[in-house]
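Visitor: pasted the sequence and its predicted model underneath.
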Amino acid sequence: MKIRNWIIMGLLAVSWIASAVADEVEVKKLIDHNYCNVCHGYGGTTTSELFPQLASQPKEYIATELKEFKDHTRYDENAKRFMWGIASRLNDHDMEALATFYSAQAGVHEGKIKNQAQYDRGQSIYTKGIEDKGVPACMTCHGEKAEGHELIARLGGQNENYLIRQLRAFHASTRETGHVMNFVAGAITDEDLLALAHYLQAQ
């Protein structure tokens, strides 16, 4: 009886490993076919300021963004230029597979503190908010180290200029699906916005 149980467990383990390998091959084909690496880098880590880091982004967030690109509910300039066409080729299974893959990758970045005063200001906004403007602490949603959670994006370690562009888009309310962020970013000055981006890229 014990031998039989071990045989069954062994077969299940082999089946699981084979399935995992097949899934990995499938995802790599998806990535190669859709040129994900060209913009987002291998494993979702890029040095480009045009495109976000995908490594360690929450799975739910990535999947939701891909769906919004596909149905055109996210329609900022770069979404139209780069992601609408790519997302149109993905089905729900593809999106789930890509989201699972990138969320499991270790986040790597080279963020540095180049301006301590600006960093400190950004840290204050992120951890405490701006009370007199009704701006809540960013960490309330995005996490202590800006790691994100479920539908909330990981901001830590993103390219500074990429963060600045996105925050300015929220400030101008040109990212229509970001209602909460449109309010938050719309309430702060450009100087505070730059400080926040400088803090986040160093996390």
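Guide: Nice, thanks for sending it over.
Visitor: OK, contacts around Gln166?
Guide: Arg175 (Cβ atoms under 8 Å, 6 or more residues apart in numbering). The way it works is simple: take the backbone N, C-alpha and C, and place the C-beta from them, glycine included.
Visitor: pLDDT weak spots in this protein?
Guide: Applying pLDDT under 70 to the chain flags residues 1-23.
Visitor: try it again at 80.
Guide: Counting by pLDDT under 80, the chain shows low-confidence ranges at 1-26, 28, 32-33, 176-178.
Visitor: can you give me the helices for it?
Guide: 2-34, 36-40, 59-70, 77-78, 84-87, 92-103, 116-128, 139-142, 160-171, 179-186, 190-201 (DSSP state H).
Visitor: so which of these is nearest Glu110?
Guide: helix 190-201 (9.1 Å; Cβ to Cβ).
Visitor: so which residues make contact with the closest one?
Guide: 109, 111, 113-115, 118-119, 121-123, 125-126, 130, 138, 146, 155-161, 163-164, 167-168, 171, 185, 188.
Visitor: ok, of those, which come out buried?
Guide: 109, 111, 118-119, 121-123, 125-126, 130, 138, 146, 155-160, 163-164, 167, 171, 185, 188 (16 or more other Cβ atoms under 10 Å).
Visitor: got the contact list for Gly122?
Guide: By Cβ under 8 Å, 6+ apart, the contact set of Gly122 is 192, 195-200.
Visitor: spatially central residue in the protein, please.
Guide: Gln57 (4.0 Å; Cα atoms, centre = their mean).
Visitor: so who does it touch?
Guide: 44, 102-103, 148, 153-154.
Visitor: go on, Glu65?
Guide: Arg74 are the contacts of Glu65 under Cβ under 8 Å, 6+ apart.
Visitor: gap between stretch 97-108 and the chain center?
Guide: The chain centre lies 9 Å from the centre of stretch 97-108; the measure is Cα atoms, centre = their mean, to the nearest Å.
Visitor: an error on my part: the question was meant for stretch 73-82.
Guide: With Cα atoms, centre = their mean, you get 16 Å for stretch 73-82.
Visitor: if I look at the nearest residue in space to Cys138 that is not next to it in sequence, how far off is Asp192?
Guide: With Cβ to Cβ, 6 or more residues apart in numbering as the criterion, Cys138 has its nearest non-adjacent residue at 4.5 Å, and that residue is Tyr126. As judged by Cβ to Cβ, to the nearest Å, Tyr126 and Asp192 stand 11 Å apart.
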